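Need a 3D model of the following:
(2 chains)
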Amino acid sequence: MKQRNLWSKLRVPIIFAMVLGLLTVYASGWQPVFAGTLTKSTILETNMVAGGTTNIAIEFTSATSGGTNVSVNLSNLSTSLTASPTVSGSSLNGCQGANGIFSGTITAINGTSVGDGSGIVTFTSSSTFASGTTYCTIITASGGLMTNPGAGTYTATITAGSDSQTQGLDVISSDTYTISGTVAQTFTMSLGSGSDTFTGNLSSTTDTLTNGETVTINTNAGSGWMLWAADANGGLYSTTKSQHVNSVAPGALDDLSTPGTYIGTNAFALGVTSVTAGSATTNYNDTTGPKGGGITATTTGFQQIASDSSADSSADNVTVKLIADIAATDPASNDYNDTITLVGAGSF
Amino acid sequence: MAAGLLFASFSSSSTYSLKSYSVGPGGTNSAASSTYQTQSNVGEQSNGSSSSTTYTSHNGAIQAEQLNVPVAPTLSNGSNTYYNMLNFTINTTNEPSDATYAVAVSTTSNFATTNYIQASDLLGSGQVYQACNVSGWGTSCSDNLGGLAVNTTYYFKVAAMEGKFTNTEFGAVASISTVNPSITFSVSPSSYGFGTFVPNVVVTSTNLSFTFATNAVSGGNVYVSGQNGGFKSSAHTIAAVSANLATQSEGFGVQGTNPGESSGGPLSVVSPYNGTGNTVGIESSNPANIFTTSNPIVGGIANANVQVKAAYTDPTSGSYQEVLTFVASASF
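This is a model prediction of the structure:
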């Protein structure tokens, strides 16, 4: 009898101990009941300027399976949507790394129509969300999905099935950087070696040419460039013998290989053998033989030998050769020389 | 009934009161199966508790086996950065080393609705006692509780247990709030003019300055895009390229430099914008990632410059211009 009364009084402590025992057993295999949450989500605005209109890209990784509706609650960011949005692909790099792209159509906007004040965009995926899968899409609208509020920090919430996650967004006063500049007018001209020599001794029985000198022109002149030539002596001159080999007269293309006319006489001419862009002046166009035109001393004037009328030249090369004939009576000497001055200009 | 009265009235005087006694072998009883265990004593007075505003005392052999009631846990929201989790540290002072602990959490101070931290570090309805070790609450008795709502205050209290039947009641309450998810970003200045620059020479702008901070657990990115895909005039566009402009006849591009942060991050420059010297990255109308961090970041900073090289053939007519847009995003 005493024993029964004793157990009766200990009833409450015994039940308490059993509850603890149940908890111990369940703890090992107990699954928490917890609402799923997006494991990762991103909202990328393509325009974050206060007062501007914007489109958005969203990317999220679903934590749970099931469901096809996705809503983006922009009510904290915008009280009204400015246009009917559409869902596009992933041309924005903000949608990089997505395993699946929404291709569904928008089934509801604000539940009823654009601009009802809810600020919620809802659309439907073409497939059921899979746990652990990343989805991405861009919500665009002609003229922008919505009008941004003033500068500040805001939140927006993505809801996908039972998953939901709140994002932070920063609307700033300026997100652009304008760079401007003007390309300077430029004209550069360079010579290959700065000196040229005849390929052999001058002769009274044949014409003799120099190896040639290349002139390189770079310019961004809108109307092309021109090249002129003049010399120091009006032809070759030997200081030691005080002997001239005079230039032919400018104004004609002379063939210095012509017997009787030039071979066996003193004659000196300049020919342009090639121009990569543009052309040689007719009187100096030496493309078919030892032909050239006369040049005068710098004190007398420059002769235009080549030009290019097209805009913007890069590495235009002009090759210039000199041609000489001598008379049999010209004294021998190794100091016959001339200095050719080449002048170029751009037409801007 | 006489016996019952006898056990209800323990020996006492004006100076003492006997609260329990044992009656020898058979006075205690333990039983167990695969699903439950019980422990019981005989010879003890039930309801032998007393309390004031500062303490509660329970009597009896089983009650005497209980541990000290844990004091309030230490809570952290990461210096106001955690928006979906909180850190808690169980105070183990005066508790034995083999104690296990359960943590109750509520969004109301009166714990009208109470959940408990599970082994998964999420909230659930059942109490889970874990030790302070690698497989439990961590060796420092500190862990992160995840899956929480933003901008919400949470209340925490802890109970301790040693063995199987000796859990304390939940102790003092501590509270802390999650914050809103946040991202802040700025770029300055808003313009730069190269003036007149000569062809065949690489010219470089002054530095753009960025600030970037976010508490997003997966960090964030800064993107760059351009209106023209290069430096454009009415007559010509110096196309944007990813290249060393020193070796190009012409080109235009962006270079990111000097990433840094006060804490978190780190912020880094993404290829092809991470070149040095005259090596730049291409820009187009599609935003391209120029800076990135995979973690929350505080006080993020970075610079960028724009470089251009004109060719001799580039016309001088009109002014060249490009408008770059910088966008930041974070992965929460």
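
Pick out the residue in the stretch 151-300 of chain A sitting closest to chain B.
Nearest to chain B, among the residues of the stretch 151-300 of chain A, is A:Gly181, at 3.0 Å (Cβ to the nearest Cβ). Backbone N, C-alpha and C define where each C-beta goes, glycine included.

so that residue sits in a strand?
Yes - counting by DSSP: H, G, I helix; E, B strand; the rest coil, A:Gly181 is located in a strand.

Just give the closest residue to it, not the sequence neighbours.
Nearest non-adjacent residue to A:Gly181, counting by Cβ to Cβ, 6 or more residues apart in numbering or on different chains: B:Phe194, 3.0 Å away.

so what pLDDT did the nearest residue to A:Ser75 once chain neighbours are set aside get?
Leaving aside its sequence neighbours, A:Ser75 sits nearest to A:Gly119 (Cβ to Cβ, 6+ apart; 3.4 Å). Note for A:Gly119: predicted pLDDT of 70.

what's the distance between A:Gly119 and B:Ser140?
Noted for A:Gly119: a distance of 44 Å to B:Ser140, by Cβ to Cβ, to the nearest Å.

Please identify which of these two sits among more neighbours.
Per other Cβ atoms under 10 Å in any protein chain shown, whichever of A:Gly119 and B:Ser140 has more neighbours is A:Gly119, with 19 against 10.

In this structure that one contacts A:Leu74, no?
Yes - shown here, A:Gly119 and A:Leu74 form a contact pair, counting by Cβ atoms under 8 Å, at 4.4 Å.

Endpoints of stretch B:276-287, how far apart?
In stretch B:276-287, first residue to last residue: 22 Å (Cα to Cα, to the nearest Å).

list the buried ones in it?
Of all the residues in stretch B:276-287, those buried under the rule 16 or more other Cβ atoms under 10 Å in any protein chain shown are B:278-284, B:287.

Likewise for stretch B:114-122?
Quick answer for stretch B:114-122 (16+ other Cβ under 10 Å): B:114-119, B:122.

try stretch A:188-202
Neighbour counts over stretch A:188-202 (16+ other Cβ under 10 Å) mark A:189, A:196, A:198, A:202 as buried.

Out of those residues, which sit inside strands?
Members of the buried residues of stretch A:188-202 lying in strands (criterion: DSSP state E): A:Met189.

gap between the longest strand belonging to chain B and the chain center?
Counting by DSSP E, the longest strand found in chain B is strand B:297-309. With Cα atoms, centre = their mean, to the nearest Å as the basis, strand B:297-309 stands 27 Å off its chain's centre.

ok, which pair from the buried residues of stretch B:114-122 is furthest apart?
Spatially, the most separated pair among the buried residues of stretch B:114-122 is B:Thr114 and B:Ala119, at 17.5 Å (Cβ to Cβ).

per-residue confidence for the residue nearest the centre of chain B?
Nearest to the mean C-alpha position of chain B, counting by Cα atoms, centre = their mean, stands B:Tyr82 at 4.6 Å. For B:Tyr82, the pLDDT comes out at 91.

Where does pLDDT dip in chain B?
Low-confidence segments of chain B (pLDDT under 70): B:1-12, B:16-32, B:35-51, B:53-65, B:164-166, B:317.

least trustworthy helix or strand in chain A by mean pLDDT?
helix A:11-27 (a mean of 23; mean pLDDT, DSSP states H and E).

Which of the three states applies to B:Ala112?
coil.

correct me, but it touches B:Ser106?
Yes - B:Ala112 is in contact with B:Ser106 according to Cβ under 8 Å; the separation is 7.0 Å.

Look up how far B:Phe194 lies from the nearest residue to B:Asn80 once chain neighbours are set aside.
Leaving aside its sequence neighbours, B:Asn80 sits nearest to B:Val179 (Cβ to Cβ, 6+ apart; 5.3 Å). In this view, B:Val179 and B:Phe194 are 43 Å apart by Cβ to Cβ.

Now for the residue nearest to B:Asn80: which residues touch it?
When contacts are counted by Cβ atoms under 8 Å, 6 or more residues apart in numbering or on different chains, B:Val179 touches B:77, B:80-83, B:150-151, B:215.

I'd say A:Ala230 and A:Phe302 touch.
Yes - at 4.5 Å, A:Ala230 counts as touching A:Phe302 under the criterion of Cβ under 8 Å.

Give me the phi and psi angles of the spatially closest residue to A:Ser238 that is not a sequence neighbour.
Nearest non-adjacent residue to A:Ser238, counting by Cβ to Cβ, 6+ apart: A:Ser333, 4.3 Å away. The phi/psi pair for A:Ser333 (degrees, to the nearest 10) reads phi -170, psi 160.
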